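[1] I'll drop the sequence and a predicted model, then ask my questions.
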Amino acid sequence: MDAAWIGVIGALGGAAISLLGNIVNNRYLLWKESEARVWEENKNKNDKEIKLQTDKFKVYNAVLKEDGEHEYIRETEESYLQLKVFDKKRYVDKMRPILMSDLHLLSNTVFLLVRKLDSYTYDDLNYIESDEWSDDMSKDYAELINEIENEYKRQI
């Protein structure tokens, strides 16, 4: 009978060790899957951020290219106040479509400046003389270009 009990205890011990091994192995596999899932989520998040940054800087590149090819702000010669003249028509025809194409990608400061320039574009009736809105629009446009250039500096 002792031999029978030894066989039963051996079988139960083997089953218990096998069960414990399966539990440990399953927990290890779950942990590995969890690690892989977290790594994949982080990778996807980083890839998405990089794509958004790349798309944002494509817009900024196009803006700076257009700004470099055309003079949007000029000094007035006849005014003793040295007001600036802004090329509103070219801004509406060329620059605004570039900025509006991916407005959601732009930084908050750039977004607010674009919207402010839009307010001049469609609401120049609040100004007594066109020189007033042109000078204000010139200052805001210069601030917009400066902010875009600062975005590049922050990335370096």
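    Looks like it came in fine.

[2] Counting neighbours, what do you get for the closest residue to residue 149 other than its chain neighbours?
    Once flanking residues are discounted, residue 149 sits nearest to residue 64: 7.6 Å by CB to CB, 6 or more residues apart in numbering. Heads up, the C-betas are built off the backbone N, CA and C, glycines and all. Other residues lying near residue 64 total 15 when counted by other CB atoms under 10 Å.

[3] Next one: residue 64 from residue 54, what distance?
    For residue 64, the distance to residue 54 (CB to CB, to the nearest Å) stands at 15 Å.

[4] what residues does stretch 100-116 touch?
    52, 55-56, 58-59, 99, 140, 143-144, 147-148, 151 (CB atoms under 8 Å, 6 or more residues apart in numbering).

[5] which ones among those residues are found in helices?
    Those of the contacts of stretch 100-116 mapping onto helices are 52, 55-56, 58-59, 99, 140, 143-144, 147-148, 151, per DSSP state H.

[6] can you tell me which two in these are farthest apart?
    52 and 140 (25.3 Å; CB to CB).

[7] The lowest-mean-pLDDT helix or strand in the chain - contacts with which helices or strands?
    Scoring the helices and strands of the chain by mean pLDDT, DSSP states H and E places strand 84-86 at the bottom, with a mean of 79. Under the contact criterion of 3 or more CB pairs under 8 Å, 6 or more residues apart in numbering; DSSP states H and E, strand 84-86 touches strand 73-75, helix 130-155.

[8] Using a markdown table, lay out the ones you listed together with mean neighbour count and distance to residue 33.
    Listed next are the helices and strands packed on strand 84-86 as a markdown table, based on neighbours: other CB atoms under 10 Å; distance: least, CB to CB, whole Å:
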| stretch | mean neighbour count | distance to residue 33 |
| --- | --- | --- |
| strand 73-75 | 13 | 58 |
| helix 130-155 | 16 | 36 |
